[in-house]
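K.L.:
Predicted model, plus sequence, below.
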Amino acid sequence: SASKPRALRPRAPPSYGTAKIKTRTYPQSLKAMRNYTFLSMFRKYVNSSLILIIVTIVAMIVANSGWGDAYRSLWEKPVSFSIGNFNLFSHGKESLSLMDFINDFLMALFFFSVGLEIKREILVGELSTLKKALLPIIGACGGMAIPVLIFFLTCPDDALMLRGTAIPMATDIAFSLGVLSMFGKRVPIGLKIFLATLAVADDLGGILVIAVFYSSELHLQYLAYAGILLVILAIGNRRHVISKMFYIVIGTFVWYSLLNSGIHATIAGVVVAFFVPARPGVSALHFVKHLRNKINRFPIDQATTNHKGTTILSNEQIMLLKNIEHASDRTISPLQDLEDALQNPINYFVIPVFAFANAGVNLEGINMDSLLNGVGLAVFLGLAVGKFVGVFSFSWLAVKLGFVQLPQGCNWKNFFSVCMLTGIGFTVSMFIADLSYYNIGIEGSTLLNDAKLGILCGSIVAGVSGWILLAAHLPRQDLGEPVSYTHLRAHETPEHL
């Protein structure tokens, strides 16, 4: 009260700005932190989807213009990286073509990034527990099984055509999340997480299919080399070696060994990723204490500044700053550091280059018959119909049997709608199409063209249909966006929650 002495008056709680944390917001904030990795993944893939669309259109235009022959001959140019008689980009002592370099080496980097992502989600994300992962995994299984079945039933009983049975089983994470992003905050967070988790599970299924069904004659000598190198990586992981260069250099030679062993080289990316440590060299708490100690010791008055504002630090200042920089590098685990470092190169170089090289379907001589029978029809139906039917039916059955529940904030109508987006298959579908039909003669080239046409048309139908359904069934108003780390002020650390 006003009559009390100043010292005895109760003090108002300190103000930290406009953002205040109240007790009732704890569960929401904790949930936001659990979903943080998938929110960041969502934003990452959305940003690259527009570039993929543009590159795909440009590739189609170039492939069917006066530059078409130059475009197709470009991918046959040899690529080499030689030291003496050793050529890193060689298979059976023959240099890789530019197309092989893109599909075997650059895509190995893509799958390395996917492997890091899968490992992170298995350790701490939406694949870390069976309860979290079960619905997307069940949906992914249906989304792989039904398209494969449709392809098998639709395609003529021809051994060459049936090489592409796995083409429609993949979901393109960038395109599908890109379409979902058009609806902004109208999309429940549970629906975003479901689609992103399902796409990751799809990638894992595609990787297994490539490893099992698209490997050629095995060469035991190179397999032994790869095995020895993987043992070295395992020892490094066990002994807490956190040097990223250690895993990059040895991983490169694992790739070369698998390339020449008969197992598809892109598998090296995933295998090596699982050996990259997820534990940092220094804990965050230790780093903060170290940082405070160094800052307290920092000699501010030793720097020399001239009249132009040029500042020269003393040797002691430089050493302290380098020490802080080194400690900060060790605070981020190699897995997260590499995943973050690869994000832009993969999304803005590797995948666009792959798309430009592989999306250039030659429309000369192609008519509607290419989509009404054979491989083109089988791929089209597998993506536009099979993916949706597989994902939705398997998920619906799992929910009705009581194994799982619908994602939070979802109903059957918007869940039904997002299942349609799983039919957008591009990157991995194109990649499997190349593995199925590339370099097996004129008939293989025709089948590859038909498969790519089926992928493009099936993906467009699935994407447009999904967008129309989502526009009709999502809430009309924006949903409340959960708080994430990026919304917290410096004082609002997880300890406050």
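P.N.:
Great, that's in hand.

K.L.:
Strands along the stretch 201-350 of the chain, start to end?
P.N.:
Applying DSSP state E, counting those that start in this stretch to the stretch 201-350 of the chain gives strands spanning 304-305, 311-312.

K.L.:
I figured Val179 hits Gly466, correct?
P.N.:
Yes - at 6.0 Å, Val179 and Gly466 qualify as touching, with contact defined as C-beta atoms under 8 Å. (Each C-beta comes from the backbone N, C-alpha and C, glycine too.)

K.L.:
Quick check: neighbours shared by these two?
P.N.:
Residues touching both Val179 and Gly466 (C-beta atoms under 8 Å, 6 or more residues apart in numbering): Leu421, Ile424.

K.L.:
For Ala268, the count of nearby residues, please.
P.N.:
Applying other C-beta atoms under 10 Å, we find 29 residues neighbouring Ala268.

K.L.:
Which of the three states applies to Ile61?
P.N.:
Recorded secondary structure, Ile61: helix (DSSP: H, G, I helix; E, B strand; the rest coil).

K.L.:
got a pLDDT number for it?
P.N.:
Ile61 carries a pLDDT score of 93 in this model.

K.L.:
Which of the strands of the stretch 201-350 of the chain has the lowest mean pLDDT?
P.N.:
In terms of average pLDDT, strand 304-305 trails the rest of the strands of the stretch 201-350 of the chain, at a mean of 68.

K.L.:
What is the neighbour count of Tyr256?
P.N.:
Number of residues near Tyr256 (other C-beta under 10 Å) recorded here: 23.

K.L.:
so how far is Ala211 from it?
P.N.:
17 Å (C-beta to C-beta, to the nearest Å).

K.L.:
Then Val187?
P.N.:
Here the criterion is C-beta to C-beta. By it, Val187 lies 34 Å from Ala211.

K.L.:
More neighbours: which of those two?
P.N.:
Between Val187 and Ala211, counted using other C-beta under 10 Å, the more crowded position is Val187 (23 against 16).

K.L.:
Look up the closest residue to that one, ignoring the ones flanking it.
P.N.:
In this structure, Val187 finds its nearest non-sequential neighbour in Leu180, 5.8 Å apart by C-beta to C-beta, 6 or more residues apart in numbering.

K.L.:
Go ahead and confirm that neighbour touches Ala196.
P.N.:
No - under the criterion of C-beta under 8 Å, Leu180 is not in contact with Ala196, lying 9.1 Å apart.

K.L.:
List the contacts of the spatially closest residue to Ile146 that is not a sequence neighbour.
P.N.:
In space, and not counting its chain neighbours, Ile146 is closest to Gly390: 3.1 Å by C-beta to C-beta, 6+ apart. Applying C-beta under 8 Å, 6+ apart to Gly390 gives the contacts Gly139, Cys141, Gly142, Gly143, Met144, Ala145, Ile146, Pro147.

K.L.:
7 Å instead?
P.N.:
Gly390 makes contact with Gly142, Gly143, Ala145, Ile146, Pro147 under the criterion C-beta atoms under 7 Å, 6 or more residues apart in numbering.

K.L.:
and if you look at Phe111?
P.N.:
Residues near Phe111 by C-beta under 7 Å, 6+ apart: Ile207, Thr266, Gly269, Val270.

K.L.:
Show the contacting residues for the first one.
P.N.:
Ile207 makes contact with Phe111, Ile267, Val270 under the criterion C-beta under 7 Å, 6+ apart.

K.L.:
With pLDDT and distance to Ser82 as new columns, can those residues be given to me in TSV?
P.N.:
Below are the contacts of Ile207 laid out as TSV (pLDDT from 0 to 100; distance: C-beta to C-beta, whole Å):
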residue	pLDDT	distance to Ser82
Phe111	89	25
Ile267	88	25
Val270	89	27
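
K.L.:
so which of the residues you listed comes closest to Thr165?
P.N.:
Proximity of the contacts of Ile207 to Thr165, judged by C-beta to C-beta, is greatest for Ile267, which lies at 19.1 Å.

K.L.:
burial count for Gly402?
P.N.:
7.

K.L.:
Next, count neighbours for the residue lying closest to Arg330 once chain neighbours are set aside.
P.N.:
If the residues on either side of it in the chain are set aside, Arg330 comes closest to Gly281, at 3.6 Å by C-beta to C-beta, 6+ apart. Neighbour count for Gly281, taken as other C-beta under 10 Å: 19.

K.L.:
My understanding was that Gly281 contacts Ser328; is that so?
P.N.:
No - between Gly281 and Ser328 there is no contact under C-beta atoms under 7 Å: 10.8 Å.

K.L.:
tell me what the top helix by length along the chain is packed against?
P.N.:
The longest helix of the chain (DSSP state H) is helix 441-473. Helices and strands in packing contact with helix 441-473 are listed as helix 173-181, helix 369-372, helix 374-381, helix 412-421, helix 427-437; criterion 3 or more C-beta pairs under 7 Å, 6 or more residues apart in numbering; DSSP states H and E.

K.L.:
Could you identify which of those helices is most buried?
P.N.:
Highest mean neighbour count of those: helix 374-381, a mean of 27 (counted as mean count of other C-beta atoms under 10 Å).

K.L.:
helices and strands around that helix, which ones?
P.N.:
If you count contacts as 3+ C-beta pairs under 7 Å, 6+ apart, helix 374-381 packs onto helix 130-154, helix 369-372, helix 441-473.
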